[in-house]
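**Student:** please find the sequence and the predicted model below.
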Amino acid sequence: MEFSIKNVNADKELSDCVIVGVYESKKLSNSAVAIDVASAGYLANIVKRGDMDGKLESTLMLHNVPGTSCERVLLIGLGKEADFFEKQFCKATRASVKALASAGAVKATNFLAELPVKQLNTRRKIALITETVLDASYKFDAIKRKKDDDDAIAKKGIETLTINVAANEVKEAEAGLVDGQALAAGVSLAKDLGNLPPNVCTPTYLAEQALSMGKNFGFKVEILERDALKKLGMGSFLAVSQGSEEPPRFIIMQHLKGKKDQKPVVLVGKGITFDTGGISLKPGSEMDEMKYDMCGAASVLGTFKAIATMDLQLNVIGIIPSCENMPDGRATRPGDVLTSMSGLT
């Protein structure tokens, strides 16, 4: 999806769809007022009749609104004005994506950034709109065999989104757009890793993802393999992996862009790419869901992608112990005595 930041008038905007808001009190957002004036009270009459009640996440798509240059006007319910915080702002934005997904619009202009949101500046609002739109549009089809009709369905929806801001806020908004795209990219990576099947997303695969990111963004990545883990005395960790053919990987990532005396933020993510329970086998009916035991690792990798993309001036260390827990003749047994890295048994 392509994004742009502009300062335009809602009633004169040439777009497939213009997105404006309505509060539960029937109060129109500023851009909705501009459209209402241009249309001789068209929006106010619709709200007055009760076709749009303004409740949070409610939507109403209007076509060929008089006095406007756009093909559609999408009204988004904002709820109670006094309760319009970040959470409500994101819900309203997500509702707009859902409504547009079933419309024929390809280009849309979003006027929700003009809404006053407590404790949010323009940069943060633009970042939230961008991140929410991309997250709501997320689809995992990396392993799906595509057909022509699937491609046609996938292409349906908004391809270009313009976000309207005041003329003096364009520069700040553009910075917010970069933030939002970076955050969305991190979330998307985490979701992709979680959605991959465990025969693809192995400890080695996670290590390769970390190395690839480190190379692309210039941060240090170290991968400890079985021999190094034995030397460090990581008996408990190695015991989890000893029943699997997949070798363990201990991933260390370092984004060191802060001051030398700045204490690092350390993120630790569990990376068990498939957890059968070992000899203490988990119930078979939901066994497939144990691929999600590595979502802590996915979150750390996604966070690092966002941090590196935004080039944050922070010291951040990511640690991912990754292995697979399988039943086997070599698997650890209930009651086995193990020695951890701390020396405790």
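**Tutor:** Structure's in. What do you need? Numbers count the residues shown, from 1 in each chain.
**Student:** count the neighbours of residue 236 for me.
**Tutor:** Here the neighbour count serves as a burial measure; for residue 236 (other CB atoms under 10 Å) it reads 16. Bear in mind the C-beta positions are built from the backbone N, C-alpha and C, glycine included.
**Student:** got it, and residue 35?
**Tutor:** Around residue 35 there are 28 residues (other CB under 10 Å).
**Student:** do residue 180 as well
**Tutor:** A total of 25 residues lie near residue 180 under the criterion other CB under 10 Å.
**Student:** look up phi and psi at it.
**Tutor:** Taking degrees, to the nearest 10, you get phi -60, psi -40 for the backbone angles of residue 180.
**Student:** quick one: contacts for it?
**Tutor:** In this structure, residue 180 makes contact with 126-131, 134, judged by CB atoms under 8 Å, 6 or more residues apart in numbering.
**Student:** gap between it and residue 270?
**Tutor:** Between residue 180 and residue 270 the computed distance is 28 Å (CB to CB, to the nearest Å).
**Student:** also residue 252?
**Tutor:** Taking CB to CB as the measure, residue 252 and residue 270 are separated by 15 Å.
**Student:** tell me which element the spatially closest residue to residue 292 that is not a sequence neighbour falls in.
**Tutor:** Counting by CB to CB, 6 or more residues apart in numbering, residue 292 lies nearest to residue 194, which is 5.9 Å off, once chain neighbours are set aside. Using DSSP states H and E, residue 194 falls within helix 170-195.
**Student:** tell me the mean pLDDT over that helix?
**Tutor:** The predicted model assigns helix 170-195 a mean pLDDT of 98.
**Student:** which positions in that helix come out as buried?
**Tutor:** Of the residues in helix 170-195, 172-174, 176-195 count as buried by neighbour count, 16 or more other CB atoms under 10 Å.
**Student:** which residues touch the residue nearest to residue 292?
**Tutor:** Going by CB under 8 Å, 6+ apart, residue 194 touches 291-292, 294-295, 298.
**Student:** any chance of CSV for those residues, columns distance to residue 20 and secondary structure?
**Tutor:** Compiled in CSV, those are given as follows (distance: CB to CB, whole Å; DSSP: H, G, I helix; E, B strand; the rest coil):
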residue, distance to residue 20, secondary structure
291, 42, helix
292, 39, helix
294, 42, helix
295, 37, helix
298, 37, helix
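**Student:** would you check which pair of those lies furthest apart?
**Tutor:** Between any two of the contacts of residue 194, the greatest separation by CB to CB is 10.7 Å, found for 291 and 298.
**Student:** of the two, give the one with the bigger neighbour count.
**Tutor:** Between residue 291 and residue 298, residue 298 has the larger neighbour count (other CB under 10 Å), namely 26 against 21.
**Student:** report pLDDT for that one.
**Tutor:** Per-residue confidence for residue 298 comes out at a pLDDT of 98.
**Student:** show me the longest strand that occurs in the chain.
**Tutor:** Longest strand in the chain, counting residues (DSSP state E): strand 315-325.
**Student:** buried sites along it?
**Tutor:** Applying a neighbour-count criterion of 16+ other CB under 10 Å, one finds 315-325 buried in strand 315-325.
**Student:** now the helices for this structure?
**Tutor:** Using DSSP state H, the helices of the chain run over residues 30-38, 42-49, 86-101, 122-136, 148-155, 170-195, 203-217, 226-231, 235-241, 295-310.
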